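Colleague: Kindly return the folded structure for what I paste below:
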Amino acid sequence: MVGPGRPQFVLFGSSIVQFSYSNEGWGAALADLYARKVDILLRGYSGWNSRRALEVLDKVFPKDAIAQPSLVIVYFGGNDGCGPHVPLPEYVDNMRKIALHLKGFLSNKTRIIFLSAPPINEEQIHLSRTNEACRIYSEACLELCREMNVKAIDLWTTIQRRDNWHFVCFTDGIHLSAEGSKIVVEEILKVLREAEWEPSLHWEAMLIEFAEDSPYNPVVPNVHREHH
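Modeller: Numbers count the residues shown, from 1 in each chain. Purely as a prediction, here's the structure:
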């Protein structure tokens with residue numbers, strides 16, 4: 001491990017997470033925004049569902065780790081709903097267990113955000129996936145989060161507010177384009193800005209590591225960032 005130790009944000013999920021550093025993805029955008037403030041750790045597993053995630057939860061988030069994450073952003077749902085299929089009641093139970101592990105066993109300072117299943121463009125894909133299945137699993141995730149008091153982002157609804165979302169938000173009808181990722185980043189930052197968490201995890205509120213004295217980044221707060 002290199003130092004100094006920074007807060008850690010972990011992105012945990014399936015391909016929406018694994019590919020979040022590609023195509024100007026949302027993971028890369030967060031890493032850029034939180035440079036010198038937070039280490040963004042990618043734990044994305046393409047093709048996985050919540051059942052598979054539960055099998056490795058203790059390995060990805062060991063209870064006896066010296067440093068526990070400050071924030072975990074979790075996404076599973078698209079594969080659960082469409083294949084490899086996980087029945088809806090099992091999906092909800094799996095996500096509940098993931099939330100309980102992160103909330104109850106790691107640290108009382110570990111914060112959580114769940115991302116619901118985003119929509120898909122059925123015209124662009126040739127798999128047994130439907131936007132209706134995404135809606136059902138998205139709503140189940142959001143309902144669980146309300147029940148457990150877990151912060152959640154309704155990607156299924158939010159992405160569809162974008163004009164021409166079918167074709168501008170995806171690279172292949174399922175995975176997010178730069179435009180789709182931009183929406184995810186905006187929603188994550190909105191949650192972090194509005195959450196009454198101490199300490200705040202919004203990038204503007206976090207301290208930078210060492211003094212900022214680069215001629216390429218003069219100390220003029222916020223003028224070079226558009227994420228508000």
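Colleague: List the buried residues in the helix or strand bottoming out on mean pLDDT in the chain.
Modeller: When each helix and strand of the chain is scored by mean pLDDT, DSSP states H and E, helix 78-82 comes last, with a mean of 91. When burial is assessed from 16 or more other CB atoms under 10 Å, helix 78-82 yields the following buried residues: 78-82. Every residue, glycine included, has its C-beta placed from N, CA and C.
Colleague: Secondary structure element holding the closest residue to Ser14 other than its chain neighbours?
Modeller: Leaving aside its sequence neighbours, Ser14 sits nearest to Trp48 (CB to CB, 6 or more residues apart in numbering; 4.7 Å). Trp48 belongs to no helix or strand when elements are defined using DSSP states H and E.
Colleague: do the one 5 residues further on as well
Modeller: Mapping Ala53 onto the secondary structure by DSSP H and E places it in helix 50-55.
Colleague: which SS state does the residue nearest to the spatial centre of the chain fall under?
Modeller: Nearest to the mean C-alpha position of the chain, by CA atoms, centre = their mean, lies Ile73 at 3.8 Å. Assigned state for Ile73: strand (three-state reduction, DSSP: H, G, I helix; E, B strand; the rest coil).
Colleague: In contact with it, which residues?
Modeller: Counting by CB atoms under 8 Å, 6 or more residues apart in numbering, Ile73 touches 9-13, 17, 112-115, 188.
Colleague: looking at the sheet around it, what are its partners?
Modeller: Leu11, Ile113 (DSSP bridges).
Colleague: circling back: nearest to Ala67, of the contacts of Ile73?
Modeller: Of all those, the one with the least separation from Ala67 (CB to CB) is Val10, at 11.1 Å.
Colleague: now Leu142: how far from Asp39?
Modeller: 29 Å (CB to CB, to the nearest Å).
Colleague: Three-state assignment for Trp156, please.
Modeller: Recorded secondary structure, Trp156: helix (three-state DSSP).
Colleague: ok, now which ones touch it?
Modeller: Contacts of Trp156 (CB under 8 Å, 6+ apart): 116-119, 134-135, 138-139.
Colleague: Now tabulate the residues you listed in TSV and tack on pLDDT, secondary structure and distance to Lys103.
Modeller: Listed next are the contacts of Trp156 as TSV, based on pLDDT from 0 to 100; DSSP: H, G, I helix; E, B strand; the rest coil; distance: CB to CB, whole Å:
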residue	pLDDT	secondary structure	distance to Lys103
Ser116	98	coil	18
Ala117	97	coil	21
Pro118	97	coil	24
Pro119	96	coil	28
Cys134	94	helix	26
Arg135	96	helix	26
Ser138	97	helix	21
Glu139	98	helix	21
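Colleague: May I see those arranged in TSV, with distance to Ile183 and neighbour count as well?
Modeller: TSV is the format used below for the contacts of Trp156 (distance: CB to CB, whole Å; neighbours: other CB atoms under 10 Å):
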residue	distance to Ile183	neighbour count
Ser116	13	26
Ala117	14	29
Pro118	9	29
Pro119	11	24
Cys134	15	23
Arg135	17	17
Ser138	14	23
Glu139	19	16
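Colleague: between the contacts of Ile73, which is nearest Lys151?
Modeller: The closest of these, once distances to Lys151 are taken by CB to CB, is Ile113, at 4.6 Å.
Colleague: so the closest one makes contact with Pro69?
Modeller: No. Taking contacts as CB atoms under 8 Å, Ile113 lies outside contact range of Pro69: 11.7 Å.
Colleague: returning to what we had before: can you select the buried ones among the contacts of Ile73 for me in ChimeraX?
Modeller: Of the contacts of Ile73, the buried ones can be selected in ChimeraX as follows, counting by 16+ other CB under 10 Å:
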select :9,10,11,12,13,17,112,113,114,115,188
